[in-house]
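Q: The sequence isn't on hand, but the structure is:
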């Protein structure tokens with residue numbers, strides 16, 4: 001007598017629970033389709049546009065962050081170094097080269113969830129195009145580690161994996177059809193404290 005209703009309830013619970021879990025997992029696993037990868041850096045140029053796919057729209061709504069419009073800029077993220085090894089908060093890195101043309105850019109560190117990693121007071125936790133020292137040829141070199149360095153330096157002392165976020169503001173490359181031809185800075189591992 002109670003066997004049929006119990007089986008129906010169990011089936012509905014599995015269907016709704018599994019559906020909610022898989023939707024939540026998919027939204028956390030991707031920011032949408034249409035990613036471009038330039039070395040270690042990736043970006044989603046369509047993420048903030050009206051032509052974004054349904055997963056990107058749901059991710060954007062759930063994230064609650066204000067995104068740049070396509071004409072306003074482009075956000076690149078790096079989760080690995082130039083050799084494909086995952087970035088760690090216990091390691092030291094050098095980011096060098098040039099960025100694509102932009103009126104302004106910022107470089108910061110985030111944890112695996114995308115939350116900015118805060119440095120200790122009076123230590124830099126980000127750099128931008130106005131504060132970065134450059135060589136005569138326009139290239140730069142930024143060190144990221146726990147001990148202060150002369151020149152361009154960002155404090156990196158975190159547990160677990162990290163992400164480097166490069167935001168280009170007012171860049172003509174956001175509307176360019178040849179995004180795959182952009183020159184992005186290289187990320188090189190210097191060493192790790194736990195090794």
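A: Arrived safely, thanks for sending. No experiment lies behind these values; they were computed from the predicted model shown. Numbers count the residues shown, from 1 in each chain.

Q: Quick one, grab the pLDDT at residue 105.
A: Per-residue confidence for residue 105 comes out at a pLDDT of 91.

Q: List the contacts of it.
A: The contact partners of residue 105, taken as CB atoms under 8 Å, 6 or more residues apart in numbering, are 99, 128, 129, 166, 167, 168, 169, 171. Where you see a C-beta, it was placed from the backbone N, CA and C, and this is true even at glycine.

Q: Quickly find the element holding it.
A: Here residue 105 sits within strand 104-111, counting by DSSP states H and E.

Q: what's the following helix or strand after that strand?
A: Counting by DSSP H and E, the next helix or strand C-terminal to strand 104-111 is strand 126-128.

Q: Residues in contact with that following strand: which ones?
A: Applying CB under 8 Å, 6+ apart, the set of residues contacting strand 126-128 is 104, 105, 106, 107, 108, 109, 142, 152, 154.

Q: let's see it at 7 Å
A: Contact with strand 126-128 is made by 104, 105, 106, 107, 108, 142, 152, 154, as judged by CB atoms under 7 Å, 6 or more residues apart in numbering.

Q: hang on, the earlier thing: report the buried members of the contacts of residue 105.
A: Neighbour counting with 16 or more other CB atoms under 10 Å marks 99, 129, 166, 167, 168, 169, 171 as buried within the contacts of residue 105.
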